[in-house]
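Q: I would like to see how this sequence folds:
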Amino acid sequence: MVDKPSFPPLSCQAVDLLVIAGEASGDEHASQLIKNLKARNPSLQIVGLGGDELQKAGVELLFNLVDHAVVGIFEVLKNYSFFRELFNLTVEWIRKNKPKTILLVDYPGFNLRLAEALKKTSVSRKGGGEIIVLQYVSPQLWAWKPRRRFKMEKVLDSLAVIFPFETDCYKDVNLPVAFVGHPMVGSGKREQLIQYDPAGPFLLLPGSRSQAIERILPVLLSSFEKLLTEFPNVSALIPASNVKMKETIRGILESHKNLKEKVEITESTNDLSARFALMSSGTMSLRSALSGIPGLIIYKAHPFTFLLGKALIKVKYLGMANLLLPETPPYVEFIQGRAKPRLILMEIKNMLGKEVVCRQRSLSSAKQLKNLLRVPQDRGVVEWLEDEGRLG
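A: Next up, the predicted model:
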């Protein structure tokens, strides 16, 4: 973490849209949205707190928030002073520059508190001001903290969700909620899918945040290392979407020197091909499922975070594909104490022994998922943002 965050001077006089995305998945989802929005209205002045993908999409980046993403209560507490400084700086910047619309993308711990602060300071419409505050991607109310919907009703002007069942979570509150389809599904999304290749590498997908990578990647590497003793010709690929991820991954690989010739790091997260995936429970696991890639979900958190989460989170699975298809979950999950290389290797060998059957099951799951998550024909996320944010 940096000691004191700061924002550069603006290059434009008036801001039409401020986008805030604090995690790699939100940065990627928001970047697609902004590319499509700017294609329809190139004159829009858009700035953001996000990551490299938003910047590539033409957003004037105030701060690389993705580079400072943390996961878990323990990790957040360790960096509390930094996030307090950043939060106060963001509120002050909004009060001074008065963007027409604010789009909050996921990242509820920061974003919902920000929306609340904007209401209390009479800056947002919900507080009597002029700024429209929208949220894209719902917090996981169905997993934990369902009462957040009452706060969201009070501080947001509209919400766009990416899973169809999420609209039901808000039926008892007066908040406009629209299902706009999942950003990985629909026309023009082929480059986001992973191509199946029976002779391809194993994908190792430990997540995007440093703390997650540090806990999960060693398990993935140790499992792959054991696999090599029986399948010496396989190789592995680890996608790293930014410099910080790449540095973290390289540091961990240093303690697995015998894998140097077998494991490659790639900066590209598009145009991937794979035979199998060992992955965390985040966005890439859903992407793998939509691509019909066989694999396993492996997850480890800080012990304190895991125990607290276990007490609060009331869902059967961690992986979103498994939650969407609970009767026929696409992936076996190895969580916390079960995330042992010996157990993982046994399951990999079992699946490789019936690889054709596993691939057919994965394809069937992918078809079901695409049908569930398809973008509605009448109103996708761009239309929603233009209408609700008055940006058309």
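Q: Show me the shaky parts of the stretch 51-200 of the chain.
A: By pLDDT under 70, the weakly predicted segments of the stretch 51-200 of the chain are 69-80, 186-192.
Q: Which residue ranges of it form helices?
A: 52-56, 73-78, 80-97, 108-120, 148-155 (DSSP state H, counting those that start in this stretch).
Q: what's next to the longest one, contact-wise?
A: By Cβ atoms under 8 Å, 6 or more residues apart in numbering, the surrounding residues in contact with helix 80-97 are 1-7, 10, 15, 18, 20, 49, 62-63, 65, 68, 76, 102, 110, 113-114, 117-118, 121, 123, 131. Using the backbone N, CA and C atoms, a C-beta is placed for each residue, glycine as well.
Q: could you show me where the helices are in the stretch 251-392 of the chain, in order?
A: Using DSSP H, counting those that start in this stretch, helices in the stretch 251-392 of the chain cover 283-290, 303-312, 320-324, 341-352, 355-373, 381-389.
Q: Let me know which of these is tucked in deepest.
A: Ranked by mean neighbour count, the helices of the stretch 251-392 of the chain are led by helix 283-290 with a mean of 25 (mean count of other Cβ atoms under 10 Å).
Q: which strands and helices sit next to that one?
A: Helices and strands touching helix 283-290, by 3 or more Cβ pairs under 8 Å, 6 or more residues apart in numbering; DSSP states H and E, are helix 24-40, strand 202-205, strand 276-279, strand 295-299, helix 320-324, helix 355-373.
Q: for stretch 360-368, what is the average pLDDT?
A: Here stretch 360-368 scores 97 as its mean pLDDT.
Q: How about residues contacting that stretch?
A: Y196, A289, L290, S291, G292, I293, P294, A321, L325, T328, P330.
Q: Just the buried ones from those, in PyMOL syntax?
A: To isolate the buried members of those in PyMOL, using 16 or more other Cβ atoms under 10 Å:
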select buried, resi 196+289+290+291+292+293+294+321+325+330
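Q: OK, contacts around E28?
A: Per Cβ under 8 Å, 6+ apart, neighbours of E28: E53, P183, S241, T283.
Q: One more pass at 10 Å, please.
A: The contact partners of E28, by Cβ atoms under 10 Å, 6 or more residues apart in numbering, come to 21, 50-54, 57, 66, 105, 183-184, 192, 208, 241, 269, 283, 287.
Q: Likewise for L44?
A: V15, D16, L17, I34, L37, K38, G58, K100, T101, E386, L391.
Q: can you list those residues in TSV and add distance to E166?
A: Converted to TSV, the contacts of L44 look like this (distance: Cβ to Cβ, whole Å):
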residue	distance to E166
V15	29
D16	27
L17	23
I34	22
L37	22
K38	27
G58	29
K100	27
T101	22
E386	21
L391	23
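Q: can I assume V219 is in contact with K300?
A: Yes: at 6.3 Å, V219 counts as touching K300 under the criterion of Cβ atoms under 10 Å.
Q: Would you mind checking the contacts of L44 for buried ones?
A: Applying 16+ other Cβ under 10 Å to the contacts of L44 flags V15, D16, L17, I34, L37, K38, K100, T101, E386, L391 as buried.
Q: What is the nearest of those residues to K145?
A: T101 (25.9 Å; Cβ to Cβ).
Q: Residues in a beta bridge with the closest one, which ones?
A: L17, I132 (DSSP bridges).
Q: Return the residues in contact with it.
A: 15-19, 44, 46, 131-134, 157, 385, 388-391 are the contacts of T101 under Cβ under 10 Å, 6+ apart.
Q: quick one on the thing from earlier: show me the one of the helices of the stretch 51-200 of the chain that comes nearest R342.
A: helix 73-78 (27.3 Å).
Q: thinking again about what came up before, derive a PyMOL selection command for the buried subset of the contacts of helix 80-97.
A: Buried members of the contacts of helix 80-97, defined by 16+ other Cβ under 10 Å, are picked up in PyMOL with:
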select buried, resi 5+7+15+18+20+49+62+63+65+68+102+110+114+117+118+123+131
